[in-house]
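*Asks:* Sequence plus the predicted model coming up.
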Amino acid sequence: MGTDEVVWSGTWVAERLGVELVGDGDGQGPGGLHDLLGLALRRNPKRAHLLVSNVLGKHVPQLPSRVYGAGFALGEDVRKLLGEEAARRAVVLGYAETATGLGHAVADGVGVAPYLHSTRRPVDGVATAGGFEESHSHATSHLLLPEDPALLAGEGPLVLVDDEFSTGNTVLNTIRDLHERYPREQYVIVALVDMRSVRDRERLEEFAREIGARVDLIAMASGTVRLPADVLAKGQALVARYDDTAAATAGAPGTAMGAPGAPGALQGLLHAPPVAATPARVELGWPGGVPDGGRHGFGPAHRALLEDSLPGMAERIAGELPEDARRVLVLGFEELMYAPLRLATALEERVDAEVRYSTTTRSPVLAVDDPGYAIRTRIVFPAHDNPADGPGARYAYNVAGAGFDVVVAVVDSAADTPELHAPDGLLARLAAHTGHVVLAVVPSYTPGPSHMPGPSRIPGVPQRQEPPMPEPLRGPAFSSYAPEDVGWLLQDLSDVELEAPTEEREEAIQSGGAHYAESLPVEYQPSPQYQQLFMAALETSAARIARAVATVTETVLAERSPRPVLVSLARAGTPVGVLMRRYAQHRHGLDLPHYAVSIVRGRGIDETALRWLAAHHDPADVVFVDGWTGKGAITRELAEALDNFAATTGIGGFDPEIAVLADPGGCVKTYGTREDFLIPSACLNSTVSGLISRTVLRSDLVGPDDFHGAKFYRELADNDVSGHFLDTVAARFDEIADAVDADVKELLSADRAPTWEGWAAVERISEEYGIHDVNLVKPGVGETTRVLLRRVPWKILAKRDAGADLDHVRLLAEQRGVPVEEVDGLPYTCVGLIHPKYTRGATGADGKAVAAK
């Protein structure tokens with residue numbers, strides 16, 4: 001292309017089509033429209049002209065510091081507009097293909113917001129969270145594929161980033177689609193240039209009023225494009241004319257060229273057949289767990305890990321450059337714009353050579369070798385990432401003839417295919433126009449166990465090398481719950497014999513010979529009478545439970561996180577977690593992630609599960625969920641376990657505050673009620689909990705990098721009422737809505753600090769009854785039921801005139817020969833006492849517990 005007198009790169013199109021750019025700073029000075037934009041002709045029946053950005057890093061090789069700096073500065077403007085609190089609740093969304101890198105740079109400028117970009121590459125196993133159309137593009141369908149389905153579900157500001165804001169149609173389509181799913185109060189549109197007409201500006205204002213949301217816009221420059229009425233026809237004729245001339249002159253397909261033509265058009269032709277060459281491959285040392293971009297989400301924790309690794313990766317690339325290299329191009333690949341851009345910025349700081357940055361594209365544009373035209377040459381090559389829409393041509397513009405001594409081609413591993421290395425592939429085409437080609441491959445991020453987002457780390461704590469972790473188990477392969485209801489962070493021990501007679505387990509536990517989590521009780525099979533009692537209790541209490549579920553969920557959404565990650569403590573917390581998830585979806589349209597983890601008294605929480613959660617989600621968004629509190633032992637266990645975990649691993653950010661359905665013990669501040677009433681899911685074991693056993697922790701079965709275990713009792717499917725319980729409660733969500741709104745309003749303004757009233761009562765009872773061990777005192781309806789189902793009970797203390805909430809307790813006590821003692825002044829509806837200092841001699845021949853002598 002050579003060196004030309006400075007000419008605006010839109011002159012050629014402006015003269016031939018009558019297109020004008022008009023606006024503030026529309027001269028050629030820094031920051032003006034002519035500085036930011038050139039013009040070219042599109043091979044597109046919907047729009048004749050193409051605004052070619054000089055600072056986007058797509059069609060025009062540019063200094064990477066200028067490309068990144070433009071986006072970063074826009075992000076800083078967004079943060080100033082929103083303020084710190086709103087910025088932390090925001091999500092930044094960039095558009096494929098051209099704005100994936102720009103959007104990511106904007107997110108970096110915001111600094112505290114996660115980033116996601118749309119994509120045209122579907123990914124197996126990743127659900128689509130939304131989609132929209134780009135009306136003027138040659139390839140219109142955009143997919144949204146966040147790894148965390150809740151990423152877009154919050155109520156904080158949504159920041160939408162595109163390279164240009166022309167008609168506004170693309171942004172309107174996006175907002176319309178997402179606002180129907182996840183309504184919010186504020187949207188911020190960010191673009192390098194705002195080129196809307198007066199009518200398009202009015203239309204956006206009308207749309208904002210229609211949906212009842214605030215819409216702000218931030219751009220580097222603004223103006224309008226003046227188009228003559230016949231511009232589309234004239235543009236198509238001009239493209240056809242130069243296409244025909246180029247085809248007659250060029251010969252072989254794939255030749256890098258500008259279209260030839262009549263004298264005076266300053267059009268040249270670059271004949272450069274592909275060159276068979278093996279590029280130098282550089283091993284980047286890409287940091288483990290950091291995604292290649294924002295296709296599935298990219299958070300502040302990823303950003304920090306990447307920043308730490310960039311200097312080393314740039315050093316490795318620099319080591320592959322010839323010593324005499326003076327001009328270097330880092331060439332990205334279609335949607336993969338951010339990773340190559342950051343590598344280019346780091347390389348720019350490290351080497352003396354001039355470094356430029358641009359990316360390949362699927363967008364067909366006419367090339368004309370004229371200094372007044374924005375796309376002077378093009379390289380054509382076949383797609384090399386097995387695209388979902390089939391094979392097709394791809395392009396690299398303004399690379400041929402630009403005098404680059406080295407081209408560093410950066411692709412993701414999904415695009416490192418035989419087509420890339422083929423005789424007519426991109427690498428061979430590049431080799432025809434530069435003396436040296438370097439290939440750098442970024443690992444393609446696919447959500448799963450071997451691709452983990454970076455957890456929140458505590459500075460100064462050494463980090464261990466994390467081994468691969470398994471995927472969560474889901475129904476129907478593990479549990480009778482639907483797969484979307486819960487992911488079990490457990491291992492399946494269904495084929496292991498773990499059950500032991502209740503009396504033998506109790507003796508081993510109390511003698512110190514075994515821990516209660518090392519075995520399982522024989523699964524209780526309810527009698528027909530007991531099953532009828534469960535059904536009656538469920539029907540009576542369904543609305544009461546629905547109200548508590550809704551209240552605790554609303555409290556979590558208001559106080560903890562607008563898009564919480566629910567993590568239930570298996571097993572009792574899991575039905576509650578599923579109900580909270582269903583309520584959030586029913587009332588707010590939120591699709592909250594929900595997992596179940598194991599916590600064991602005296603052993604702590606499953607640390608492998610915590611590492612998995614920290615790798616896949618922001619720990620600050622995790623809300624631990626349980627069914628109810630008794631004396632608060634698990635509440636204290638969790639807090640201590642999380643402190644120890646942070647101290648030993650450096651992974652912090654988890655909040656130990658448990659959200660529970662019922663808090664009769666006064667142990668937490670996030671609850672649905674503090675009444676001690678019958679929660680029917682406490683009446684049964686696995687048959688109301690997805691057919692999953694209690695969790696197991698035994699050293700010969702659970703290694704240091706394994707999840708804790710549990711069994712799936714498939715053989716009990718005929719007696720399973722898990723789904724019936726969920727459906728019965730969820731059916732009451734509408735009828736309790738008004739009451740819940742009032743409950744939540746009152747709760748949010750109330751003093752809900754834990755009183756630990758339950759713990760004090762347990763200590764008193766332990767001494768009064770000569771037990772001297774608080775672990776053998778189980779307060780509340782839920783815990784008392786567990787004693788009767790799993791342990792060797794001694795006696796039951798019942799509040800006088802407790803009523804129907806204790807019908808099932810009385811029935812179980814009768815079946816096991818356990819006395820029920822009515823007492824006054826009990827802070828709970830009932831308390832179960834485990835047989836103290838238990839031996840086999842404490843039972844009769846029929847195995848029933850008897851009173852201590």
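*Replies:* In hand now; what should we look at? Numbering: from 1, shown residues only.

*Asks:* which stretches of the stretch 351-500 of the chain have low pLDDT?
*Replies:* Counting by pLDDT under 70, the stretch 351-500 of the chain contains low-confidence ranges at 448-469, 500.

*Asks:* hmm, try it at 90
*Replies:* Residues of the stretch 351-500 of the chain meeting the criterion pLDDT under 90: 363-364, 386-391, 413-414, 416-418, 435, 443-472, 474-477, 482-484, 494-500.

*Asks:* What are the boundaries of the helices in it?
*Replies:* Using DSSP state H, counting those that start in this stretch, the helices of the stretch 351-500 of the chain run over 418-421, 426-431.

*Asks:* For Ala280, find the nearest of the ones you listed.
*Replies:* Across the helices of the stretch 351-500 of the chain, the minimum distance to Ala280, taken as Cβ to Cβ, is reached by helix 426-431, at 10.7 Å. Bear in mind the C-beta positions are built from the backbone N, C-alpha and C, glycine included.

*Asks:* Now do the closest one: which elements does it pack against?
*Replies:* The contact analysis (3 or more Cβ pairs under 8 Å, 6 or more residues apart in numbering; DSSP states H and E) places helix 426-431 against strand 378-382, strand 393-397, strand 406-412, helix 418-421, strand 436-442.

*Asks:* Can you tell me which of those is most buried?
*Replies:* Most buried of the helices and strands packed on helix 426-431, by mean neighbour count (mean count of other Cβ atoms under 10 Å): strand 406-412, with a mean of 26.

*Asks:* what's the angle between it and strand 436-442?
*Replies:* Calculated by axes from the mean of the first three to the mean of the last three Cα atoms, to 10 degrees, strand 406-412 forms an angle of 20 degrees with strand 436-442.

*Asks:* The most centrally placed residue in the chain: which element?
*Replies:* Most central in the chain under Cα atoms, centre = their mean is Asp148, positioned 2.4 Å from the mean C-alpha point. Under the criterion DSSP states H and E, no helix or strand holds Asp148.

*Asks:* so how far is Val774 from it?
*Replies:* Per Cβ to Cβ, to the nearest Å, Asp148 is found 40 Å from Val774.

*Asks:* what's the answer for Glu84, then?
*Replies:* Counting by Cβ to Cβ, the gap from Glu84 to Val774 is 45 Å.

*Asks:* Ok, Arg429 next?
*Replies:* Arg429 is 75 Å from Val774, by Cβ to Cβ.

*Asks:* which one of those two has more residues nearby?
*Replies:* More crowded of Arg429 and Val774, by other Cβ atoms under 10 Å: Arg429, with 25 against 16.

*Asks:* can I assume Leu116 is in contact with Glu147?
*Replies:* No: contact between Leu116 and Glu147 fails when scored by Cβ atoms under 8 Å: they sit 9.3 Å apart.

*Asks:* Need the residues touching each of those two.
*Replies:* Residues within reach of Leu116 and of Glu147 at once, by Cβ atoms under 8 Å, 6 or more residues apart in numbering, are 296-297.

*Asks:* How about stretch 75-85, which residues are buried there?
*Replies:* Residues of stretch 75-85 classed as buried by neighbour count (16 or more other Cβ atoms under 10 Å): 75, 77-79, 81-82.

*Asks:* what does stretch 302-317 give?
*Replies:* For stretch 302-317, a neighbour-count test (16+ other Cβ under 10 Å) marks 302-303, 305-306, 309-310, 313-314, 317 as buried.

*Asks:* got a list of contacts for that stretch?
*Replies:* Residues outside stretch 302-317 that contact it (Cβ under 8 Å, 6+ apart) are 108, 282-287, 289-291, 342-343, 345-347, 349-350, 408, 438, 440, 453-454.

*Asks:* ChimeraX command to pick out the buried ones of those?
*Replies:* Command for ChimeraX, covering only those of the contacts of stretch 302-317 found buried under the criterion 16+ other Cβ under 10 Å:
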select :108,282,284,286,287,289,290,291,342,343,345,346,347,408,438,440,453,454
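
*Asks:* Quick one: name whatever helix or strand follows the longest helix that the chain contains.
*Replies:* For the chain, the helix reaching the highest residue count under DSSP state H is reported as helix 528-559. Remark: after helix 528-559, the chain's next helix or strand is strand 565-569, criterion DSSP H and E.
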